[in-house]
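[1] I'll drop the sequence and a predicted model, then ask my questions.
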Amino acid sequence: MRRLLLLRHGKADRHSAGGDRERPLTHRGVEDARRMGEFLRQSKIAPDLAVASNARRARQTLDKVLDCFAGHVIHLIENTIYLATVDHLVEILRQTPDKVGTLLAVGHNPGFAELASWLAGSGEADELAEMRAKFPTAALAVLDFEIDHWSEVGRGGARLMRFVTPGILRGEATEDPD
């Protein structure tokens, strides 16, 4: 079995003097990333490897999530995740070493929302519908694959095990707009 933790970066400032790639997380974005890290730790879901976009907001999200784990998690910054298409993201997944059982990927919409929908062939109907309707900042899709090798990842081949949003963890009924 393989598990993908697909995490959209936390809420970021709208503008940055350094351009889009340098937009930092807002205070809420930092807190939501920390909440997601705590959720993963408390759920005993630890990545074997973490990969993030090189955008500042994705790197900051990754840092806050990994701060919640006691041990060191090997992590990489992958420049090509930034604004990547589903096809490119699938190719990145398929290149994941087989020694990695659980992969955490931190990136952006629309690619991550489209990838989650493309991968999820089954799961609880309400969670699937919610994920497909909106993949807000700092949302997490936990996707399980009944495969031996990451190279076997395919359309509809994953089961959505959980779809968690910061609003759910904050106890709110609905998400704020992005």
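    All right, it came through fine.
[2] I'd like to know which elements the lengthiest helix in the chain is packed against.
    Secondary structure assigned by DSSP state H gives helix 27-42 as the longest helix of the chain. Packing contacts for helix 27-42, counted by 3 or more CB pairs under 8 Å, 6 or more residues apart in numbering; DSSP states H and E, involve helix 56-66, strand 140-145, helix 166-170. (Each C-beta comes from the backbone N, C-alpha and C, glycine too.)
[3] Distance from that helix to the middle of the chain?
    12 Å (CA atoms, centre = their mean, to the nearest Å).
[4] which residues touch whichever helix or strand comes after it?
    The C-terminal neighbour of helix 27-42 among helices and strands, as given by DSSP states H and E, is strand 49-52. By CB atoms under 8 Å, 6 or more residues apart in numbering, the residues outside strand 49-52 that reach it are 58-59, 61-62, 65-66, 73-78, 81, 92, 96-97, 100, 102-107.
[5] quick one on the thing from earlier: for the longest helix of the chain, list every residue counted as buried.
    Across helix 27-42, burial judged by 16 or more other CB atoms under 10 Å covers 28-37, 39-40.
[6] Turn the residues you listed into TSV, including distance to Ser16 and pLDDT.
    Converted to TSV, the buried residues of helix 27-42 look like this (distance: CB to CB, whole Å; pLDDT from 0 to 100):
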residue	distance to Ser16	pLDDT
Arg28	17	96
Gly29	13	96
Val30	15	97
Glu31	20	96
Asp32	19	97
Ala33	18	97
Arg34	21	96
Arg35	24	96
Met36	23	96
Gly37	24	96
Phe39	28	96
Leu40	28	96
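[7] Among the contacts of strand 49-52, name the buried ones.
    Buried among the contacts of strand 49-52 by 16+ other CB under 10 Å: 58-59, 61-62, 65-66, 73, 75, 77-78, 81, 92, 96, 100, 102-107.
[8] Give me the subset of those lying in strands.
    75, 77, 102-107 (DSSP state E).
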